[in-house]
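Chemist: prediction below, plus the sequence it came from.
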Amino acid sequence: MCRYLSFATLTLLVLLLAAPLPTAAAESEALRSRWEREALSLAQWAPDITYDAATGLVEFTGAEGRRLRASIVFPSGGAAGTALHLGRPAAMAGDDGLAHMYLPTDMIKPRIALLDAYRALSVLLSAPGVLAGKVALVGQGEGAALAVALAGLRPGEVGCVVALDPQSPARGRGRWDLAGFATLVRCPTLLVATRSGGTSVTMALLAQSLAGPVEVAAVADRPQATWQGWVAQALAQQARPARLVDRETGYAPGLPVDLSDQ
């Protein structure tokens, strides 16, 4: 067997080694593109929305044709912005001047949970009075990872993210790279560590990976008192002049409630 490489083979090897590797930015954009294609496939199901004003319950179609149910709580006056809560909130936010939409999510199938959250944001943006860029995403534990991922997929529509005791999805199939989604997030993010939960590893990973401004807070109790004021300030700086139209299927007539007049 010949111990030496031919000149042609050596030249090819040098060219291959010299070729630039895909950048992190390119890989992140490819990640967003793949998930956007997956979310667009939701259009095969009827985008019907029902809203019960008496109970504040909203029903809509999510991934795999399942009917999803979320609740909306309005402030006593006009809403200065909207917060979409993903996962299982530790406590209701209370009357803080924002309209709050709560979507319970099951992280046994992280991919399905992310697609459901993607659709929930579209439903929320279809409501009169909801401005793109004036929506905060709030999540705790695995719900915090879901909030970060969704913010990466919907740039320009999410104004800020609150991640309480973030944890990477650890169960089921279809796990996704949390750090990869974090590199897509350009909006301000608040990472909150409480005494009862969270992992320093995940917090550090997010703090290093997030592309936008990051703040970290540690609280012993009542974390909502910490993040509610932060969200109000962050959304005030992220105002947008007009709503974005849902680019999936064009919800019509959309969520039948005007959040600006509540």
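Modeler: Now that the structure is in, tell me what you want to look at.
Chemist: tell me the contacts of residue 217?
Modeler: Shown in contact with residue 217 (C-beta atoms under 8 Å, 6 or more residues apart in numbering): 190-193, 226-227. C-beta: built from backbone N, CA, C; applies to glycine.
Chemist: can you add pLDDT, secondary structure and distance to residue 205 and give those back as JSON lines?
Modeler: Output for these, formatted as JSON lines (pLDDT from 0 to 100; DSSP: H, G, I helix; E, B strand; the rest coil; distance: C-beta to C-beta, whole Å):
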{"residue": "190", "pLDDT": "95", "secondary structure": "strand", "distance to residue 205": "16"}
{"residue": "191", "pLDDT": "94", "secondary structure": "strand", "distance to residue 205": "10"}
{"residue": "192", "pLDDT": "91", "secondary structure": "strand", "distance to residue 205": "15"}
{"residue": "193", "pLDDT": "89", "secondary structure": "strand", "distance to residue 205": "13"}
{"residue": "226", "pLDDT": "85", "secondary structure": "helix", "distance to residue 205": "21"}
{"residue": "227", "pLDDT": "91", "secondary structure": "helix", "distance to residue 205": "20"}
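Chemist: switch the residues you listed over to TSV; also include neighbour count.
Modeler: Formatted as TSV, the contacts of residue 217 follow (neighbours: other C-beta atoms under 10 Å):
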residue	neighbour count
190	22
191	24
192	24
193	20
226	17
227	24
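Chemist: now stretch 151-161: buried residues?
Modeler: Residues of stretch 151-161 classed as buried by neighbour count (16 or more other C-beta atoms under 10 Å): 151-154, 157-161.
Chemist: nearest to residue 124 among those?
Modeler: For these, the residue nearest residue 124 by C-beta to C-beta is residue 157; the value is 9.5 Å.
Chemist: what separates the closest one from residue 135, distance-wise?
Modeler: From residue 157 across to residue 135, the span is 6 Å (C-beta to C-beta, to the nearest Å).
Chemist: just residue 180 next, same as before
Modeler: Separation of residue 180 from residue 135 (C-beta to C-beta): 22 Å.
Chemist: of those two, who's got more company?
Modeler: Neighbour tally, residue 180 and residue 135, criterion other C-beta atoms under 10 Å: the higher count belongs to residue 135, 27 against 17.
Chemist: please name the residues that touch the more buried one.
Modeler: 81-84, 121, 124-125, 157-159, 235 are the contacts of residue 135 under C-beta under 8 Å, 6+ apart.
Chemist: which pLDDT value goes with it?
Modeler: pLDDT for residue 135: 95.
Chemist: same deal with residue 107?
Modeler: 80.
Chemist: all further residue positions should be reported with the first residue as 809.
Modeler: Okay, residue one is now 809; in that scheme the one you just asked about reads as residue 915.
Chemist: grab the nearest non-local neighbour of it.
Modeler: Nearest residue to residue 915 in three dimensions, chain neighbours excluded: residue 950, at 4.3 Å (C-beta to C-beta, 6 or more residues apart in numbering).
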